[in-house]
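Asks: next comes the sequence, and after it the predicted model I'd like to discuss.
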Amino acid sequence: MVVEIILKYLYISILISVIFGATILSGKIIERVKRIKFLCSYLFQLWSLLIFMVLWFFYKSKIEIFEVSRLANWNNVVLVIITVIPTSLIVNLDNRSATKGPFRFVEFINGASMEIPQRLLVQNMFMVLNINIVIYGSMTLAILLNALIWAQFIIVQQLICCRKVTKRIIPEIAASVWFSIWVGILYSITGNIIVSMLTHGLERLVAYLIKKSFNNGEVNSVM
């Protein structure tokens, strides 16, 4: 059982690495075409969506995407708050760079679109591979492993891009794990990826506002 879970985890880890490689290669090609150069920021998400569509074609009955019957519940609002506020605070623990300009809507879109690889593809892959053991309440092994795999990817991405891995990425990893667990629970309860996408976009906005308030506070203290 344990060995089987480890092998499936490694399989998904390799798949993410392959998607990342495809993103880099296709990005080099697209960068030469000015009209579609903006797509470079979303290639990872687009490759993930393509693979998800194949997954969904074979396992439609096991995957929920746009379920609406469980949306009208105050528990979902509480989950959004639990997901967004702590994540936004954690990610600002290493608050060294100042905010520049107003919040850009593209940052909201960037956050929301990352739910395609993170929840729509990988979390559903764990479920399709029958790694959906209930740990406690709505927490499942699929959600926990999904959080772990994206924390792992932060480190792998640093290594692939030849960046030094230092303790400065600890807040980013902690924020990623916290967010992935709670938004994963939210997605499993609602069965609606749009809710997860809006939550991720909202987290980017709240993190920006918190960072801006920190910066303003530092300026006022200096004055």
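Replies: Looks like it came in fine.
Asks: buried residues of the helix or strand hosting residue 11, list them for me.
Replies: Element membership of residue 11, judged by DSSP states H and E, is helix 2-30. Neighbour counts over helix 2-30 (16 or more other Cβ atoms under 10 Å) mark 5, 8-9, 12-13, 15-16, 19-20, 22-23, 26, 30 as buried. For every residue, glycine as well, the C-beta is placed using N, CA and C.
Asks: how about those, which pair is most distant?
Replies: Farthest-apart pair in these is 5 and 30; separation 36.7 Å (Cβ to Cβ).
Asks: gap between the closest residue to residue 159 other than its chain neighbours and residue 21?
Replies: Among residues not flanking residue 159 along the chain, residue 165 sits closest, at 6.8 Å (Cβ to Cβ, 6 or more residues apart in numbering). Distance of residue 165 to residue 21, given as Cβ to Cβ, to the nearest Å: 20 Å.
Asks: how about the lowest-mean-pLDDT helix or strand in the chain: buried residues?
Replies: Ranked by mean pLDDT, DSSP states H and E, the weakest helix or strand in the chain is helix 193-222, scoring a mean of 83. Neighbour counts over helix 193-222 (16+ other Cβ under 10 Å) mark 193, 195-208, 210-211, 215 as buried.
Asks: for the protein, just list every one of the strands.
Replies: 134-136, 139-140 (DSSP state E).
Asks: give me whichever of those strands is most buried.
Replies: strand 139-140 (a mean of 18; mean count of other Cβ atoms under 10 Å).
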